[in-house]
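Student: Dropping the sequence and predicted coords here.
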Amino acid sequence: YESVLFVDPDALYRNMDILQNMLPRESKSKDVDAALITTKGFPAFVVGDPKLCGAIEGNLNAELLGSHGYKRFIGDKEEGSPDENQYPYLLLLQMITCIFEGKLDQLPKYRALIKPLLYDHEGLPAIPQHCSFDSDSGDLVAVKGRPIVVSQ
């Protein structure tokens with residue numbers, strides 16, 4: 001099967017210009033958001049400037065990287081809960097990006113964060129989609145969402 005995608009070149013360049021001028025911020029209201037993981041890397045690879053990708057990754061790691069995943073945004077907590085939410089599957093996206101970019105030396109850092117969360121799901125290794133951690137102690141409070149099967 002074959003698909004053809006027609007793109008208006010003017011719209012493409014206009015949208016790229018808007019994106020490039022807005023980054024490394026996620027939006028005018030948010031400094032950093034986990035959505036930038038998929039923008040700068042897998043699966044979109046929209047940002048072509050390596051210096052800008054580095055700035056985005058630096059902001060993500062400084063502001064959102066937790067003990068076992070990324071927070072979606074600063075202060076990501078469920079309403080009325082003091083617990084901090086983290087999403088381990090976002091580490092998998094970072095690992096895939098590292099592979100595509102040839103940054104294999106960064107894989108052990110992300111693997112070490114995921115490893116304590118690995119469990120057996122129907123005979124396959126899996127990680128939880130979403131975890132809650134106590135804000136003060138950093139202890140795992142709850143595992144939520146569907147399992148994400150991974151390959152070691």
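Tutor: Everything's here; your move.

Student: For the rest of this, base every contact and every neighbour count on C-alpha atoms.
Tutor: OK.

Student: Helix, strand, or coil at the most centrally placed residue in the chain?
Tutor: Relative to the mean C-alpha position of the chain, the nearest C-alpha, by Cα atoms, centre = their mean, is the one of residue 90, at 3.5 Å. The three-state label given to residue 90 by DSSP: H, G, I helix; E, B strand; the rest coil is helix.

Student: That one reaches residue 69, doesn't it?
Tutor: Yes. Between residue 90 and residue 69 a contact is recorded at 6.6 Å, counting by Cα atoms under 8 Å.

Student: quick one: buried residues of the helix or strand of the chain with the lowest mean pLDDT?
Tutor: Within the chain, no helix or strand scores below strand 140-149, which has a mean of 79 by mean pLDDT, DSSP states H and E. By 16 or more other Cα atoms under 10 Å, the buried positions in strand 140-149 come out as 140, 143, 147-149.

Student: swap in stretch 53-69?
Tutor: 53, 56-57, 59-60, 63-66, 68-69.

Student: now, the most widely separated pair of these?
Tutor: Distance extremes for those: the farthest pair is 53 and 68 at 22.2 Å, using Cα to Cα.

Student: Quick one: the helices in the protein, in order.
Tutor: For the chain, applying DSSP state H gives helices covering 9-22, 35-40, 50-63, 89-101, 107-114.

Student: So which of these is nearest residue 82?
Tutor: Taking the helices of the chain one by one with Cα to Cα, helix 50-63 is closest: 18.0 Å.

Student: re the thing from before, quick one: contacts for the residue nearest to the centre of the chain?
Tutor: For residue 90, the contacting residues are 34, 37, 69-70, by Cα atoms under 8 Å, 6 or more residues apart in numbering.

Student: got the buried residues of stretch 53-69 as JSON lines, with pLDDT columns?
Tutor: Converted to JSON lines, these look like this (pLDDT from 0 to 100):
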{"residue": "53", "pLDDT": "88"}
{"residue": "56", "pLDDT": "89"}
{"residue": "57", "pLDDT": "91"}
{"residue": "59", "pLDDT": "91"}
{"residue": "60", "pLDDT": "93"}
{"residue": "63", "pLDDT": "92"}
{"residue": "64", "pLDDT": "93"}
{"residue": "65", "pLDDT": "93"}
{"residue": "66", "pLDDT": "88"}
{"residue": "68", "pLDDT": "85"}
{"residue": "69", "pLDDT": "90"}
